[in-house]
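Undergrad: Would you be able to build a 3D model of this:
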Amino acid sequence: MVYILLACAMPEDTGAGLDTGADPTFYPPDAPGPFIAGTEEASFVGASTVADPEGLAYTVQVWFPASEADTDPYRYDDLLEGAAREDGVPDCSAPRPVLVFSHGNGGVRYQSIFLTEHLATHGWVVVAPDHPGNTLFDDSSSRGELTLRRPVDAVAAYDWLVDVAAAPGGLLEGCVDPDAGYAIAGHSFGGYTTLVVAGATLDAAASAEWCATPSDEWLCDDFAGAMAEAGETLLHLGDPRVWAAVPMAPAGYEVLVGGLADIAVPMMVMGGSLDTITTMEGQVTPIYSDLAVAPRFLGEVEGAGHFTFSDACTILPTYDECSPPFLSATVAHPIIATATTAFLQWVRGEEQAEAWLPDPAEARWRWTEQR
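TA: Okay, here's the model as predicted:
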């Protein structure tokens with residue numbers, strides 16, 4: 001093993017009673033599933049708001065299990081070529097579990113295809129929005145605005161999936177059960193987004209108290225200004241349809257402090273031992289420690305940096321993290337994808353997935369138990 005994982009033991013009630021459409025056939029999470037991964041880009045206009053009377057324009061990427069597909073690999077904006085295929089025919093012979101993915105600050109919807117494509121081969125439908133004004137191509141929105149709007153973007157992407165893509169005549173008709181809800185995952189600022197959509201309350205007073213101590217946390221002032229402008233002291237942007245969450249190298253503890261205990265869905269929090277942006281001690285572990293829900297897991301990937309949880313080194317291989325001593329993507333990505341897939345399978349009631357969850361007997365594991 002090349003990573004460290006801290007985890008809780010499996011409780012008797014894991015939330016597996018959720019009607020999430022579990023497939024009785026189990027596919028080991030450490031290998032691709034039986035499906036071809038198909039993908040499509042789409043766009044839609046979100047609901048009208050006071051801030052955006054005409055509705056905000058979104059671009060989304062959706063991945064799905066395909067029964068047949070073109071032999072050509074899909075190219076994402078001519079920047080990245082993955083394993084997913086163009087012109088895939090979705091296999092909607094049964095409702096599929098759904099995951100919403102939220103990219104990092106200045107990232108892009110397809111920044112972590114090592115995970116999203118892997119899940120599609122296992123029968124998942126994954127939808128990822130570009131967060132307007134906070135992407136690789138357009139990073140113009142203020143951080144304060146984004147702390148309040150990013151969770152809305154993620155929920156809007158799921159609503160589009162249900163109301164449009166999976167509606168009669170849509171690309172994914174028959175693939176999505178609106179009553180089954182969804183899991184959510186995200187990286188960095190997307191990890192923050194994941195935690196808020198999963199149920200963390202935004203508490204302006206708790207954040208201000210924490211930020212009053214000397215720190216260089218990047219969201220303190222912006223968040224305080226955004227909450228004041230909105231006239232809010234407590235804000236809940238969670239979606240009750242979420243049934244599990246996987247924040248990866250999450251940012252924003254300075255905003256989330258005081259509200260993480262409100263999360264009530266199973267959690268797997270991940271970070272990297274060499275991450276200097278959202279460090280284990282400054283962000284990842286405090287976020288995990290403030291959670292009160294069970295089950296919850298904390299994984300530390302030994303040798304991983306901040307961008308290890310993305311395909312950044314394929315898109316732009318100039319980051320320091322793209323070379324030693326950082327763990328290579330060829331080693332790290334299967335670790336992350338396996339742990340995430342196993343966790344989601346386990347929460348859905350696929351008991352075989354327990355074999356891929358943390359084992360305290362394994363070398364290089366650290367183990368703590370939370371009940």
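Undergrad: And the helices in the stretch 151-300 of the chain, which stretches?
TA: Taking DSSP state H, counting those that start in this stretch as the criterion, the stretch 151-300 of the chain carries its helices at 189-198, 204-211, 220-230, 253-256, 285-290.
Undergrad: Give me whichever of those helices is most buried.
TA: The densest packing among those, expressed as mean neighbour count by mean count of other Cβ atoms under 10 Å, is seen in helix 189-198 with a mean of 30. Glycine gets a C-beta too; all of them are placed from N, C-alpha and C.
Undergrad: How far does that helix sit from its chain's centre?
TA: Averaging C-alpha positions (Cα atoms, centre = their mean, to the nearest Å) puts helix 189-198 8 Å from its chain's average.
Undergrad: Averaged pLDDT, that helix. What do you get?
TA: The average of the pLDDT scores along helix 189-198 is 98.
Undergrad: Show me what it is packed against.
TA: Packing contacts for helix 189-198, counted by 3 or more Cβ pairs under 8 Å, 6 or more residues apart in numbering; DSSP states H and E, involve strand 98-102, helix 143-160, strand 182-187, strand 242-248, helix 253-256.
Undergrad: so which of the helices of the stretch 151-300 of the chain gets nearest Thr340?
TA: Comparison of the helices of the stretch 151-300 of the chain against Thr340 by Cβ to Cβ identifies helix 189-198 as nearest, at 11.8 Å.
Undergrad: Give me the residue ranges of the stretch 151-300 of the chain where confidence is low.
TA: Along the stretch 151-300 of the chain, segments meeting pLDDT under 70 span 216.
Undergrad: mind redoing it with 90?
TA: Using pLDDT under 90 as the threshold, the predicted model of the stretch 151-300 of the chain has low-confidence ranges 213-217, 299-300.
Undergrad: can you check the stretch 1-150 of the chain too?
TA: Counting by pLDDT under 90, the stretch 1-150 of the chain contains low-confidence residues at 1-25, 46-55, 68-72, 78, 86-87.
Undergrad: Grab the nearest non-local neighbour of Gly170.
TA: Nearest in space to Gly170, with sequence neighbours left out and distances taken as Cβ to Cβ, 6 or more residues apart in numbering, is Val164 at 5.9 Å.
Undergrad: just Cys175 next, same as before
TA: For Cys175, ignoring the flanking residues on the chain, the nearest one in space by Cβ to Cβ, 6+ apart is Cys92 at 4.0 Å.
Undergrad: Then Pro32?
TA: Distances taken as Cβ to Cβ, 6+ apart put Thr121 closest to Pro32, at 4.3 Å, once the chain neighbours are dropped.
Undergrad: Check whether the one you found really touches Phe35, as I assumed.
TA: Yes. Thr121 is in contact with Phe35 according to Cβ atoms under 8 Å; the separation is 5.1 Å.
Undergrad: Tell me the residues that contact both of the two, please.
TA: Here Thr121 and Phe35 have Pro65 as joint contacts, going by Cβ atoms under 8 Å, 6 or more residues apart in numbering.
Undergrad: which residues does Thr59 bridge with?
TA: On the basis of DSSP bridges, Thr59 takes part in beta bridges with Ser43.
Undergrad: Please determine how far it is located from Ala165.
TA: Thr59 sits 13 Å away from Ala165 when distances are taken as Cβ to Cβ, to the nearest Å.
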